[in-house]
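Asks: I would like the atomic coordinates for the input below:
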Amino acid sequence: MMRQYELVERVQKYKPDANEALLNKAYVYAMQKHGQQKRASGDPYISHPLEVAAILTDMRLDESTIAVALLHDTIEDTTATRAEIDELFGEDIGRLVEGLTKIKKLDLVTKKAKQAENLRKLLLAISDDVRVLLVKLADRLHNMRTLDHMSPEKRARISEETMEIYAPLAGRMGMQDMREELEELSFRHINPEANDTVTKRLEELSRRNEGLVKKIEVELRDLLVANGLANAMVKGRQKKPYSVFRKMQSKSLSFEQLSDVYGFRLLVDDIPSCYRALGIVHTRWRVVPGRFKDYISTPKQNDYRSLHTTIVGPSSQRIELQIRTKRMHEIAEFGIAAHALYKDKEGNNNGDGELLSRESNAYSWLRHTIEALAEGDSPEEFLEHTKLELFQDQVFCFTPKGKLIALPRGATPIDFAYAVHTNIGDTTVGAKINGRIMPLVTRLTNGDEVEIIRSGVQVPPAAWEEIVVTGKARAAIRRATRLAIRKQYAGLGHRILERTFERAGKVFSREALKPALHRLGQKDVEDAIAAVGRGEMSSLDVLRAVYPDHQDERVTVKPAGDEGWFNVRSASGMIFKIPGKTKADLAASIEGIDALPIRGLAADVEVHFAPTGAVPGDRIVGIMEKGKGITIYPIQSPVLQRFDDQPERWIDVRWDLDEANKSRFGARILINALNEPGTLAKVAQTVAGVDVNIRILNTVRVAADFTEMALDVEVWDLRQLNQLLVQLKELDCIATVKRLYE
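Replies: Presented below is the predicted three-dimensional model:
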């Protein structure tokens with residue numbers, strides 16, 4: 001375990017005037033608070049914050065951040081309080097420590113939701129001070145280094161979370177070395193067999209090519225020096241197991257097919273020397289076509305800057321080269337921790353001919369991610385979107401005015417539009433890419449100029465959610481879709497409420513509904529009206545909430561003793577008879593159950609058919625069902641009996657078919673057939689003979705000699721279905737056949 005004085009010495013190496021008293025005070029406080037606590041390994045718990053602090057010293061962070069690392073678990077795991085830390089160490093350190101405290105006592109249903117809420121809190125804390133992220137990543141790195149002492153289940157869970165969130169988050173912040181180590185440590189536990197296999201193959205390759213990396217380093221270095229780059233540095237290495245495995249998976253390659261297992265970094269003094277080194281290397285060795293990328297002129301969103309190329313280099317070995325300045329290399333290693341934003345708030349020259357801005361691109365991405373927290377997404381949606389964007393590589397596109405828009409690889413013009421502004425995305429109807437009108441599903445590439453074509457009446461289709469790749473676009477499309485659906489249901493709900501209030505001798509108005517919202521458990525009037533339209537709330541419940549003294553004159557209907565007649569009893573006790581064979585016959589006669597006639601209902605609200613279907617020619621009725629919109633049932637369906645006492649849910653619907661757009665409809669039939677060879681073939685032939693399609697066929701052996709077949713068929717209308725039933729009954733292998741109404 002690292003000693004206290006060793007930690008202080010590490011800080012003083014890069015910051016001689018560091019506040020040693022603060023570091024000692026934080027160490028003593030953490031030691032006292034953690035007391036006799038032990039880690040799973042059996043080591044004293046204080047060893048963990050010490051090692052986290054040591055990791056941060058490698059990034060050369062200030063003593064306040066190191067003190068936060070020493071204290072980061074005290075509020076969560078000890079009796080320490082925020083007020084106590086504020087008093088002893090100041091509000092700045094107290095705020096950072098609290099930002100690192102995990103969420104407790106959350107009433108969350110799923111583990112995924114808890115993970116999402118923890119990420120939300122972490123990102124909110126980071127938005128205030130990015131040092132929270134640096135400490136958190138160092139904390140996760142040390143936990144991963146000591147993960148072997150955990151149970152297998154816990155190792156797998158923590159490793160998956162690290163691979164899905166923390167490693168890509170480190171990468172997005174430009175901390176490539178930390179990302180790589182987190183990925184390698186996670187890979188060992190997520191896929192140990194693959195890790196062992198790839199590791200062994202790399203070890204074999206290293207033994208075969210012993211000395212090759214050093215030889216290439218010397219040859220590259222000598223070439224650069226001979227051409228005037230005397231201060232150039234060259235560092236080569238063999239790629240790590242997870243990096244190799246990921247490439248094998250993404251490219252569908254075997255290990256033997258990998259040709260660029262070795263990578264080399266060329267470090268020079270300034271930006272002009274980067275391009276000079278590139279010319280020297282390309283002049284000496286053949287270039288692999290399509291493998292050059294210039295991240296100096298167009299940096300990645302995490303501030304990463306470098307020239308990438310692949311050559312067939314010394315010993316005819318294909319090798320990857322990264323050419324950058326020493327300052328660029330520092331940012332590539334430590335990312336946002338190395339940025340001038342955290343060392344000089346006013347900005348400074350970085351030594352290679354460029355003035356660093358006060359805010360890095362990586363931090364800018366982080367702020368945009370934080371904005372998603374205000375969009376009202378569920379925790380799971382937020383986690384999904386954040387993970388999606390963490391994993392994506394970038395493409396860089398331009399607006400017609402030359403503004404650079406960075407997007408994940410695979411992004412479409414729809415993503416581009418939402419990246420510019422949510423309102424532009426919502427009103428997008430088309431796009432020009434490099435001056436040509438192109439489909440909105442087109443995948444953008446680096447350098448594309450995108451012009452968005454808009455319409456004031458456009459509403460983003462729900463199907464766009466499957467096209468876009470950015471979290472911002474998906475969140476906006478979901479939000480717009482929810483609002484559009486709510487508007488449709490609110491329109492239906494309003495008509496239902498008007499009819500219900502009219503039957504009660506009242507006049508429905510939004511103003512009258514406002515005082516009753518608390519009794520209905522709704523936030524606003526539109527939510528309440530939409531709930532009625534969705535069938536989640538009864539219109540009679542709304543009536544009683546608005547007018548508590550109203551006497552419900554709802555009627556009940558039961559079959560009378562005489563066939564073709566019904567007994568009707570009102571709430572006031574009056575009993576009378578009305579002729580009719582079905583409830584639909586009574587819909588226009590009995591005020592308590594007459595229904596709202598809606599034609600073209602499918603255009604206004606979500607409509608489903610009953611599981612056993614309904615076909616043109618059937619007498620049908622619609623039932624509002626909670627969360628499902630309206631379900632259409634044939635009037636013969638026994639399911640309708642469940643809704644006898646809920647007349648407000650009955651909707652009068654009728655077929656409104658257009659011959660030009662005729663469609664097939666589903667129905668279910670049940671066949672009891674002889675269990676003999678050829679029976680199924682005869683049934684199938686008969687079905688095909690009347691131009692009916694079988695969608696699903698299930699068979700059950702019900703006796704030694706009989707098999708029951710349930711067929712879901714698709715027909716044009718009731719006439720065709722009846723024709724099928726008649727012909728099936730005529731088959732000598734069929735005992736019974738009937739249509740199912742469930």
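Asks: and the longest helix seen in the chain, what other elements does it pack with?
Replies: The single longest helix within the chain, with elements called by DSSP state H, is helix 471-503. The criterion is 3 or more CB pairs under 8 Å, 6 or more residues apart in numbering; DSSP states H and E, and the helices and strands that helix 471-503 contacts are helix 361-371, helix 379-391, helix 413-420, helix 422-426, helix 525-534, helix 539-546. (Each C-beta comes from the backbone N, C-alpha and C, glycine too.)
Asks: Could you give me the buried positions within that helix?
Replies: Counting neighbours by 16 or more other CB atoms under 10 Å, one finds that the buried residues in helix 471-503 are 471-481, 485-486, 488-490, 492-501, 503.
Asks: pretty sure Ile453 belongs to a strand, no?
Replies: Yes: when the secondary structure is assigned by DSSP: H, G, I helix; E, B strand; the rest coil, Ile453 falls within a strand.
Asks: Tell me if I'm right that it and Lys432 touch.
Replies: Yes: shown here, Ile453 and Lys432 form a contact pair, counting by CB atoms under 8 Å, at 7.0 Å.
Asks: Measure how far the following helix or strand past the longest helix of the chain is from the centre of its chain, please.
Replies: Towards the C-terminus, the helix or strand next in line after helix 471-503, according to DSSP states H and E, is helix 510-513. In terms of CA atoms, centre = their mean, to the nearest Å, the centre of helix 510-513 is found 38 Å from the chain centre.
Asks: And the pLDDT at Ala660?
Replies: The model reports Ala660 with a pLDDT of 50.
Asks: do the one 4 residues further on as well
Replies: Confidence per residue is given as pLDDT, and for Arg664 that number is 85.
Asks: Which helix or strand contains Leu266?
Replies: Using DSSP H and E, Leu266 falls in strand 262-268.
Asks: Restrict that strand to CA atoms and write it as CSV.
Replies: Extracted as CSV, the C-alpha positions of strand 262-268 are listed here (Å, rounded to 0.1, in the frame of the first residue of the first chain):
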residue,chain,number,x,y,z
TYR,A,262,1.9,-3.1,-34.6
GLY,A,263,1.4,0.7,-34.1
PHE,A,264,4.0,3.5,-33.9
ARG,A,265,3.7,7.1,-32.6
LEU,A,266,6.0,9.7,-34.1
LEU,A,267,6.3,12.8,-31.9
VAL,A,268,7.6,16.0,-33.3
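Asks: Show me what the helix or strand just after it is packed against.
Replies: Proceeding N to C from strand 262-268, the next assigned helix or strand is helix 271-284, under DSSP H and E. In terms of contacts (3+ CB pairs under 8 Å, 6+ apart), helix 271-284 is packed against helix 212-226, strand 262-268, strand 307-312, strand 318-325.
Asks: Next, the angle from helix 271-284 to strand 307-312.
Replies: 20 degrees (axes from the mean of the first three to the mean of the last three CA atoms, to 10 degrees).
Asks: How far away from the center of its chain is the strand holding Leu266?
Replies: Between the mean C-alpha point of strand 262-268 and the mean C-alpha point of its chain there is a distance of 36 Å (CA atoms, centre = their mean).
Asks: So which elements touch that strand?
Replies: Applying 3+ CB pairs under 8 Å, 6+ apart, one finds that strand 262-268 contacts helix 212-226, strand 233-238, helix 271-284, strand 318-325, helix 326-334.
Asks: count of neighbours near Arg519?
Replies: Residues contacting Arg519 under the criterion other CB atoms under 10 Å number 13.
Asks: buried residues in the stretch of helix or strand it belongs to?
Replies: Secondary structure from DSSP H and E places Arg519 in helix 517-520. Neighbour counts over helix 517-520 (16+ other CB under 10 Å) mark Leu520 as buried.
Asks: For it, which outside residues touch it?
Replies: Taking contacts as CB atoms under 8 Å, 6 or more residues apart in numbering, the residues outside helix 517-520 that touch it are Lys523, Asp524, Val525, Ala528, Ala531, Met537, Asp541, Val542, Ala545.
Asks: Highest neighbour count among those residues?
Replies: Neighbour counts for the contacts of helix 517-520 peak at Val542, which has 27 neighbours (criterion: other CB under 10 Å).
Asks: Double-check Ala40 against Leu147; I have them as touching.
Replies: No: Ala40 lies out of contact with Leu147 (CB under 8 Å); the separation is 9.1 Å.
Asks: Next, the contact list for Glu9, please.
Replies: The contact partners of Glu9, taken as CB under 8 Å, 6+ apart, number zero.
Asks: Now do the same for it: helix, strand or coil?
Replies: Applying three-state DSSP to Glu9 yields a three-state assignment of helix.
Asks: Out of the helices and strands packed on helix 271-284, which one sits most buried?
Replies: Highest mean neighbour count among those (mean count of other CB atoms under 10 Å): strand 318-325, with a mean of 22.
Asks: tell me how far it is from the chain's mean position?
Replies: Once both centres are worked out by CA atoms, centre = their mean, strand 318-325 turns out to sit 35 Å from its chain's centre.
Asks: for it, packing partners?
Replies: With contacts defined as 3+ CB pairs under 8 Å, 6+ apart, the packing partners of strand 318-325 are strand 262-268, helix 271-284, strand 307-312.
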